[in-house]
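Trainee: Just need the structure, nothing else, for what follows:
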Amino acid sequence: LKQRNMEETGSLFFIDTQPVSAKPKGKYSGNDHKSDRKRFQSDRSPHKESKQTPDRSEDIYDRNAKKSKQHPVHTKEARGAQNKIEALREKDDQKINEVFGQMGKPKKQTKKSSEETQLEKLVFGAEEEVIESIRSKSKDEEEPRRRKAAWEDEDDEVVQIPVASLGDKRKVDLKLTTAPDDRVLTGTEYQSQLRKSHALENQGNEDWATIPTSVDDRDLLRSNVKLRTRDAFPSGDVQMIRVKDVNKNSAMLTTSIMSFQFHPNSRISLVAASDGILQLFQVDGTKNELINAINFKKFSITQAGFNPEGSEILLMGNSRQFYFYNLLGNKALPVDNLIGKAKQEKYKNFEYAPNGELIAIPNDNGNIHLVSGKYKTLIHTLRVNDPVTSIQFTQDSKQMYAAAGREVYLFDVGTRRCVHRFYDEGAVATTTMSLSPGDHYLSIGSNVGVVNVYDPSKIGNSQNPKPIKTFDNLLTSVTNIKFNSTNQFMLFNSAVGKGQIRMAHFPSMIVFRNWPGKTAIFDSVTSVDVSLDSGFVGMGTSKGSVKLFKLPHFLEDRS
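Mentor: Below is the predicted model of the structure:
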């Protein structure tokens, strides 16, 4: 700014602009320094007329003004230059105020031109059209997405297949036995013939290949069996057909079957023997093909079972060590020293929570270890008065029943506290327990062969609840109790003695009178399970075989 002023005025804005040599001689001017010094000292001496000292705090502008009076010629030019400078300063300040003053103010909305409005309509559409498009998009998102084909082969139209190149069996399958050999099929025609052949073989039922649009991809992996609930399961007599043993095709087993269980989502089943051999079968009642066999050396299996997802198998063996066997990776993960090396415990049985997040593992000292189903680590330990014989989780995995001695404990899984306890009526010691799907029935078996059925909603706070039904058909200690997936029947058995197994109809709670029958010869049943669709019942025995029965009532509408 100073440089700009110098260019416009030709001088600095200081008042006294003359060189030293051009100054007129005044009070302190000239080259006589001695005389000037004397005059300066005399001026600093006190005045005779007044005792007050002169004010030496004079402003520099006042001194310049005094000097300007001595030089009237230069004062007029300097004032003109100063006025120009002040005018320029005011002009610059005004511009600065205009710039910074607009920064905090909202920008005024200018009226859009016709070209801008037309461009917005072309790009975004009118306001009504935009709103309508948003609404239609939201409706489309609510509708289930339609599945597309995995791929479409463009070569199907180009491929040519001579009928003469097909074998005799393929000609029969495709109904081309009377077709001339010089006939040529395109890829599309060949596919059409295959579809027609498959439809005829399956009586025109092609619903197996139809996927509902509302089904999630993960649901396809959860189940490949159908549940039949439209017809009531009749009471009185039950029709059960003996079919091929599950493990008939495997090597002859001589040790007791400790666990037999169907896969939660398919027809695969596991067979675990006391000698440490685990086998997997594809159960169809005809072939029952062996899928895999794993030998856990020096490990006597006491219980084995699938996790709720069906991706792994947990194996216990009356030892401090147990295994998780991964079905997809075909690997076994050993878990040792669950509670540390200082305390040695042995584990015989377990129970998964339905959501798969927890595994309850009891021991002989009255402890119940809650283990993470994902990380396989100990989370918490519960304590009861007697050794725990059986554990059952509610369907929502929020509560847990534990049978110990004559008592049954009810724990809140979230707070890890016992919220209720009651006595099983007439029992000396409880041996096993089963909670039906949907938590409709709680069945408790005892060492005297009695099975009491309770309604969990009516137990309340009573310490001595009354069972709604008591089954006393067994003569020895109850080993297993199993409901089917639709609560239409219940199986219960004892591993002590031959033929100690019964089947009761629900909700009538009447034992079927014709099964197993007096003429049926059973070995001691050690394990029992029902397939997801209730079409098959399997029973592991003490002789190493797994008996398999088919229930036609639940298989009639299967394709």
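Trainee: Can I take it that H553 is in a strand?
Mentor: No: counting by DSSP: H, G, I helix; E, B strand; the rest coil, H553 is not part of a strand but helix.
Trainee: State the distance from it to A232.
Mentor: Counting by C-beta to C-beta, to the nearest Å, the gap from H553 to A232 is 10 Å. In this view, the C-beta of every residue, glycine as well, is placed from N, C-alpha and C.
Trainee: Same question for I481.
Mentor: Taking C-beta to C-beta, one finds I481 at 22 Å from A232.
Trainee: So between these two, which is more surrounded?
Mentor: I481 (26 against 10; other C-beta atoms under 10 Å).
Trainee: in the stretch 401-550 of the chain, which spans are strands?
Mentor: 407-412, 417-423, 430-435, 442-446, 451-454, 469-471, 480-483, 489-493, 501-505, 510-511, 525-530, 536-541, 546-550 (DSSP state E, counting those that start in this stretch).
Trainee: Likewise for the stretch 151-300 of the chain?
Mentor: 160-162, 184-186, 241-243, 257-262, 268-273, 277-282, 289-295.
Trainee: Pull up the pairing partners for the longest one, direction included.
Mentor: To tie it back to what came earlier, the one meant is strand 289-295. strand 277-282 (antiparallel) (DSSP bridges).
Trainee: To N330, which of the strands of the stretch 401-550 of the chain lies closest?
Mentor: Relative to N330, the nearest member of the strands of the stretch 401-550 of the chain by C-beta to C-beta is strand 546-550, separated by 22.3 Å.
Trainee: Residues in contact with the closest one: which ones?
Mentor: 240-247, 257, 260, 269, 271, 283, 285, 288, 522, 535-541 (C-beta atoms under 8 Å, 6 or more residues apart in numbering).
Trainee: Now which of those would you call buried?
Mentor: 240, 243-247, 257, 260, 269, 271, 283, 285, 288, 522, 535-541 (16 or more other C-beta atoms under 10 Å).
Trainee: what's the pLDDT at A272?
Mentor: Per-residue pLDDT puts A272 at 96.
Trainee: tell me the contacts of it?
Mentor: 257-260, 278-279, 301, 303-304, 315.
Trainee: you'd agree R89 is in a strand?
Mentor: No: using three-state DSSP, the assignment for R89 is helix, not a strand.
Trainee: Count the neighbours of it for me.
Mentor: As a burial measure, R89 scores 12 neighbours (other C-beta under 10 Å).
Trainee: Just to check, T479 is in contact with T431?
Mentor: Yes: T479 lies in contact with T431 (C-beta atoms under 8 Å); the separation is 7.0 Å.
Trainee: what ranges of the chain fall below the confidence cut-off?
Mentor: 1-77, 95-159, 167-178, 181, 197-231, 251-253, 341-343, 519-522, 556-559 (pLDDT under 70).
Trainee: Outside of stretch 525-533 itself, list whatever touches it.
Mentor: 223, 225-228, 256-262, 264-267, 269, 283, 479-480, 482-485, 491, 493-495, 500-501, 536-542, 554-555, 558.
Trainee: okay, the strands of the stretch 151-300 of the chain in JSON lines with distance to D412 next?
Mentor: Shown next, in JSON lines, are the strands of the stretch 151-300 of the chain (distance: least, C-beta to C-beta, whole Å):
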{"stretch": "strand 160-162", "distance to D412": "67"}
{"stretch": "strand 184-186", "distance to D412": "67"}
{"stretch": "strand 241-243", "distance to D412": "44"}
{"stretch": "strand 257-262", "distance to D412": "28"}
{"stretch": "strand 268-273", "distance to D412": "32"}
{"stretch": "strand 277-282", "distance to D412": "35"}
{"stretch": "strand 289-295", "distance to D412": "37"}
